[in-house]
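> Here is a sequence together with a model predicted from it:
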Amino acid sequence: MTDGPPRSDDARRDTLPPRLPLAGSLAAPVRRGATRMSGGRTRAPGGTADGAGPVGIVDCALYENGFRRGGVLPLETALETAHEASGRAPNGQSAAEQGASFVWIGLHEPTSEQFHAVATEFALHPLAVEDAVHAHQRPKLETYGDIVFVVFKTVRYVDSAELIEIGELMLFLGPDFVVSVRHGEGSALAEVRRELEARPELLRAGPSAVLYAVADRIVDDYTLAADGVAVDIDEIETQVFSGDNCNYAERIYKLKREVLAFLRGVGPLAVPVERLARGDVPSLDPRTTAYFRDVHDHLLRVTECIEGFNELLNGVLNANVAGVTVRQNEDMRKITAWVAILAWITMVAGIYGMNFDHMPELHWMLGYPFALALMLAGAVWPYRAFRRNRWL
């Protein structure tokens, strides 16, 4: 996507609207009990627009023509400012020609009360708000009028514990705003912001560009987690076929459980991303469709890889069970062979231990050595036979 030759810094500054005045804090939430004002603003009970402490907002920024406006943007004027910016047409150009202007607000694990100010400011649908606050949703894409709601599962693989950490990331995308809500530690968006801000030609696509950048980062994190799982599976395979006497079923089962959790988080995302790749969401910028096709391709490859992990672990688990069974059979054969050898000795000793008055060799001086020799000869023959058949 290109928008003509790049302009100089001075020319770009001339096209940007005046800078907003700095707010007292990055996140300026609304006090509980505040009422709605015209233009999307809020009024505190005391009668003045006010903020009363943080609401878990990580960042709140205005983007115009592919660039981030400097300064700090207060929450209570965010939507109003975005409306004004998107309605301007500098140098006689339309807003589409100039590039989308929008606000991007990022939150991390907000409570219901904390998210209320954001939901009210941007008129978010109550059902989507409930999903965003409580999390534990399947990956999905829903539309509420001109607002798109997308749920992602974030994944981080902890190699030391062989554990898949699953988090959630929700995006609300309107014509001139993006609200991101993150739960868990996976796929932080600070780096995504920096990388996207370094690509103004993509950022001019507006909220659709943010959705692409977030989806691309999450799928890349899937790939990193899959690489970590692959290393551990290779290690388990080596151990299972090493020929030692250990049983690795517990470790295999735990890793298989993590892979299944991984697959549950990644698999359902294919359908929403496919819709984006086909351009089936009218409210998103069609210029990003090609980017979503690339994300969809990467996602399918990762999903196939994870499904392969599951099948591979099934095979390794079966091989481990078979190895344990073979070793048990070998032990049983050895025990059986020794029991057969000792049975002959026991039989001879039992016969010669019977207390009868009239027995062969009872008063024979060589009777005792003869009995021992008979036991030894009877034991040597089955021992050699078992050794020849590799039972011993």
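Yep, it's here. Numbering: from 1, shown residues only.
> Now the phi/psi pair for the residue nearest to Phe102 when sequence neighbours are not counted, please.
Nearest non-adjacent residue to Phe102, counting by CB to CB, 6 or more residues apart in numbering: Asp176, 4.5 Å away. The way it works is simple: take the backbone N, C-alpha and C, and place the C-beta from them, glycine included. Main-chain torsions, Asp176, degrees, to the nearest 10: phi -140, psi 30.
> State the distance from Asp176 to Ala78.
Counting by CB to CB, to the nearest Å, the separation of Asp176 from Ala78 is 10 Å.
> so how far is Lys153 from Glu162?
The value you get for Glu162 to Lys153, if CB to CB is used, is 19 Å.
> quick one, which of these two is more surrounded?
For Glu162 and Lys153, the more surrounded residue by other CB atoms under 10 Å is Lys153, and the numbers stand at 25 against 16.
> Lys334 is in contact with Trp391, isn't it?
Yes: with contact defined as CB atoms under 8 Å, Lys334 reaches Trp391; the gap is 6.6 Å.
> ok, those two, which is more surrounded?
Taking other CB under 10 Å, Lys334 and Trp391 do not tie; Trp391 has more neighbours (18 against 13).
> and that one, that's in a strand?
No: per DSSP: H, G, I helix; E, B strand; the rest coil, Trp391 lies outside any strand segment and is coil.
> can you tell me how far it sits from Ala225?
48 Å.
> What backbone torsions are found at Gly206?
Dihedral angles of Gly206 (phi, psi; degrees, to the nearest 10) stand at phi 80, psi -150.
> Tell me how many other residues crowd it.
Taking other CB under 10 Å as the criterion, the count of residues near Gly206 is 28.
> pretty sure it contacts Asp285?
Yes: counting by CB under 8 Å, Gly206 touches Asp285, with 5.9 Å between them.
> How is Met354 assigned, secondary-structure-wise?
Assigned by three-state DSSP, the conformation of Met354 is coil.
> Listing request: residues of the stretch 151-300 of the chain with sub-threshold pLDDT.
Along the stretch 151-300 of the chain, no part satisfies pLDDT under 70.
> swap the cut-off to 80 and go again
Counting by pLDDT under 80, the stretch 151-300 of the chain contains low-confidence residues at 185-188, 243.
> which residues of it fall in helices?
For the stretch 151-300 of the chain, the helices defined by DSSP state H, counting those that start in this stretch cover 190-197, 200-203, 207-240, 249-266, 270-278, 289-352.
> Out of these, which gets nearest to Thr143?
helix 270-278 (10.0 Å; CB to CB).
> May I have the residues that are in contact with the spatially most central residue of the chain?
Of all residues in the chain, the one closest to the mean position by CA atoms, centre = their mean is Val155, 1.9 Å from it. Contacts for Val155 (CB atoms under 8 Å, 6 or more residues apart in numbering) come out as 164-167, 186-187, 218, 221-222, 225, 262, 265-266.
> Distance check, the residue nearest to Phe102 against Gly323.
On the measure of CB to CB, Asp176 and Gly323 end up 62 Å apart.
> of the two, who's got more company?
Asp176 (24 against 19).
> Would you confirm that that one contacts Trp104?
No: look at Asp176 against Trp104 with CB under 8 Å: they stay out of range, at 10.4 Å.
> tell me, what's touching these two both at once?
Pro207.
> The helices of the stretch 151-300 of the chain into CSV, with extra columns for distance to Gly378?
Compiled in CSV, the helices of the stretch 151-300 of the chain are given as follows (distance: least, CB to CB, whole Å):
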stretch, distance to Gly378
helix 190-197, 79
helix 200-203, 88
helix 207-240, 42
helix 249-266, 42
helix 270-278, 71
helix 289-352, 4
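> Now the common contact residues for Asp176 and Ala78.
Joint contacts of Asp176 and Ala78 (CB under 8 Å, 6+ apart) are Val103.
> Next up, the contacts around the residue lying closest to Ile164 once chain neighbours are set aside.
Counting by CB to CB, 6+ apart, Ile164 lies nearest to Glu258, which is 4.3 Å off, once chain neighbours are set aside. Taking CB under 8 Å, 6+ apart, we find Glu258 in contact with Glu162, Leu163, Ile164, Val229.
> now Ile345
Met375, Gly378, Ala379.
> Pull out the buried members of those.
Met375, Gly378, Ala379 (16 or more other CB atoms under 10 Å).
> Phe149 should be in a strand, yeah?
Yes: under three-state DSSP, Phe149 sits within a strand.
> Does it touch Ala128 like I think?
Yes: here Phe149 reaches Ala128: they are 4.4 Å apart, a contact under CB under 8 Å.
> Overlap of the contact sets of the two?
In contact with both Phe149 and Ala128: Glu142, Met170, Phe172, using CB under 8 Å, 6+ apart.
> In the residues you listed, which residue is surrounded by the most others?
Using other CB under 10 Å as the neighbour criterion, Phe172 leads the shared contacts of Phe149 and Ala128 with 24 neighbours.
> If the nearest residue to it once chain neighbours are set aside is in a bridge, with which residues?
Nearest residue to Phe172, sequence neighbours excluded (CB to CB, 6+ apart): Val179, at 4.1 Å. Val179 forms beta bridges with Ile105, Phe172, as assigned by DSSP bridges.
> Can you give the domain ranges for this protein?
The chain breaks down into these domains under automatic domain parsing: 1-204, 324-388.
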